[in-house]
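Visitor: dropping a prediction and its sequence here:
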Amino acid sequence: MRTSARRRAALLALPSLAAVAALPLAGAARAQGCADPLTAIFERLAPSVVSIQATKINKARPERRFEAVVGSGVVVERDGQVVTNAHVVDGAASVSATLDSGARHAARVVGVDPVLDIALLRLDVAAPLTAARLGDSSSLRVGEEVVAIGSPIGLDHTMTRGIVSGLNRLLPGVPDQPMIQTDAPINPGNSGGPLVNRCGAVVGITTLISEDAQSVGFAVPVNAVKAVLRDLREHGRVVRPWLGIQGRTVDQRLTSLLRMPLTPGYLAEIVYEGSPAQRAGLQGGSLSVVIQGEEYLLGGDIVTAIQGQPVRGHEEYVARVNALRPGQRVRLTVFRDGQTREVTLVVAERPRLPSDLTE
């Protein structure tokens, strides 16, 4: 489970139920005229959902060298390409997948993205598989009915139902990717399984559950998954620009509460060692302060612009950085000790960080 890096979020995995009785249509599904019963949706998706078995070597515990991990996955191409969660297969010595038919196939890890917690596998199959239809997560609406199919606690091809409880949830540890919140029951073993709308299209990949509440789960939007599949196929990883800054928004609310030199922008709480930002002389925070229940690491530089484009908070910072490319020389406008200055640095490719997929 990915708990410490994600703070109070824990990994989830979808198991297998039987078909469930149909509920009234909701949200976008109704607007699209999707009236298929849940039994039909399950029968259509079941051949595309696999149960994944991974064996990992636990180097830290010699008395228990091998660890068996169970997860779920969904076939995205007929040639045997399967999407699952990175934490299910990352570092595995061996991986296999079991189809709805009961046939078990060896699997090869093609690529892993620890940021989105997405991995791409290729099954060793002789005949084409049934691929699921990938939908459009941007059209989701709160209240829309969804189902999750997977292998909770190893019970393969279990289906559970619920609704989209929230959209664009930013979670600790994964602040750059808004997630789908759902109350569809998901449990360990569902990790990597599909979240499906009433049209039978995959709209998300389940990845997290809350440790502090019941029926609060999260899924990676399928549009974000589709955006990284090409990189995973061609490079085995996702190539992302990186400055080496981790921080948060400085807004008017914060500046009004603190008697210290601040300006709206992106506060550098942590500057990673050896990163472009550190080599350019940027400083991270050193003073821990709790303000209205939120912890801030103050004292670091505040980025107010990148390449002359204003940065007024976290979302704008992420957008500006994502528009860059590794190797590009860029200019940052930085506020420190009441003064503004400009620094130049060379963008790097984001490395794997210690917090990625932390147990």
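Guide: Arrived safely.

Visitor: could you point out the longest helix of this protein?
Guide: helix 222-235 (DSSP state H).

Visitor: next one: the very next helix or strand once past that one to chain centre, how far?
Guide: Next in sequence after helix 222-235, counting helices and strands by DSSP states H and E, comes strand 241-242. Distance of strand 241-242 from its chain centroid, counting by CA atoms, centre = their mean, to the nearest Å, is 17 Å.

Visitor: ok, and what's touching strand 241-242?
Guide: 275-276, 321-322, 324-326, 328, 347-351 (CB atoms under 8 Å, 6 or more residues apart in numbering). All C-beta spots, glycine's among them, are computed from the backbone N, C-alpha and C.

Visitor: those, buried ones only, as a PyMOL selection?
Guide: To isolate the buried ones among the contacts of strand 241-242 in PyMOL, judged by 16 or more other CB atoms under 10 Å, type:
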select buried, resi 275+276+321+324+347+348+350
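
Visitor: which one of the contacts of strand 241-242 sits closest to V202?
Guide: Taking CB to CB as the measure, V202 lies nearest N322 of those, at 24.1 Å.

Visitor: and the pLDDT for the nearest residue to that closest one once chain neighbours are set aside?
Guide: Of all residues not flanking N322 in the chain, P241 sits nearest, at 6.6 Å (CB to CB, 6 or more residues apart in numbering). What the model reports for P241 is a pLDDT of 96.

Visitor: so what's P241 bridging to?
Guide: Going by DSSP bridges, P241 is paired in beta bridges with E349.

Visitor: how near is the closest residue to D79 other than its chain neighbours to V238?
Guide: Once flanking residues are discounted, D79 sits nearest to P128: 6.9 Å by CB to CB, 6+ apart. As judged by CB to CB, to the nearest Å, P128 and V238 stand 27 Å apart.

Visitor: try I41
Guide: When distance is defined by CB to CB, I41 is 30 Å away from V238.

Visitor: what of R331?
Guide: In terms of CB to CB, R331 sits 26 Å off from V238.

Visitor: if we can go back for a sec, what strand or helix carries the residue nearest to D79?
Guide: Using DSSP H and E, no helix or strand contains P128.

Visitor: surely it touches R78?
Guide: Yes - counting by CB atoms under 8 Å, P128 touches R78, with 4.1 Å between them.
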